[in-house]
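Trainee: one predicted model, sequence on top.
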Amino acid sequence: KTAGLCSLSLRLCADEIMQQEIRPLLATDIIEQLHRQFALLSGGRGKDGAPIITFPENSGFSEVPDEDFLNVVTYLTNSKYSILSGILFPCFIGFIIIIDRRKDKWSSVKASLNRIAVSVQQSAEKIFVFLF
């Protein structure tokens with residue numbers, strides 16, 4: 001009976017760990033990172049309804065820790081639904097990324113693109129880079 005109890009408790013523990021790994025990332029989990037606003041889900045949409053994620057001009061973009069960056073991008077791109085004007089829309093159509101790097105050098109732009117590409121788990125429909 002003891003072995004059965006150990007086996008059961010290990011299974012329950014493993015189930016808890018699996019549930020923690022599967023649990024979706026919530027805004028409350030990363031509220032401080034979201035407040036930095038290095039990536040935004042503004043509510044804008046493409047013609048096909050794809051949500052627009054904007055990486056605004058941010059002098060500290062390269063200094064955002066990788067874990068914080070990954071958490072925010074994961075949160076913004078993995079939402080099953082997006083709320084726009086109080087209406088719930090499914091987000092299975094991909095997304096559009098806008099990167100504003102007007103004040104940066106081309107090497108910084110390339111680094112930003114690489115960082116975003118590594119973090120995006122689903123394919124972006126379009127990526128726009130503004131270089132004025």
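Mentor: In hand now; what should we look at? Note that the structure is a prediction, hence the values are computed from the model and not measured.
Trainee: look up how far residue 42 lies from residue 72.
Mentor: Separation of residue 72 from residue 42 (CB to CB, to the nearest Å) stands at 14 Å. Where C-beta positions appear, they are placed from N, C-alpha and C, glycine not excepted.
Trainee: again, but for residue 120
Mentor: When CB to CB is the yardstick, residue 120 and residue 42 sit 17 Å from each other.
Trainee: same question for residue 52.
Mentor: Note on residue 52: its distance to residue 42, by CB to CB, is 6 Å.
Trainee: what bits of this protein have low per-residue confidence?
Mentor: Where the chain drops to pLDDT under 70, the residues are 1-23, 79-93, 121-132.
Trainee: show me where it has helices.
Mentor: 2-22, 31-35, 66-77, 106-119 (DSSP state H).
Trainee: for the third one, list every residue counted as buried.
Mentor: By neighbour count with 16 or more other CB atoms under 10 Å, helix 66-77 contains the buried residues 69-77.
Trainee: from those residues, which two are the most distant?
Mentor: Spatial extent of the buried residues of helix 66-77 (CB to CB) is set by the pair 69 and 77 at 12.1 Å.
Trainee: neighbour count: residue 120 and residue 42, which is higher?
Mentor: For residue 120 versus residue 42, the count of surrounding residues by other CB atoms under 10 Å is larger for residue 120: 17 against 12.
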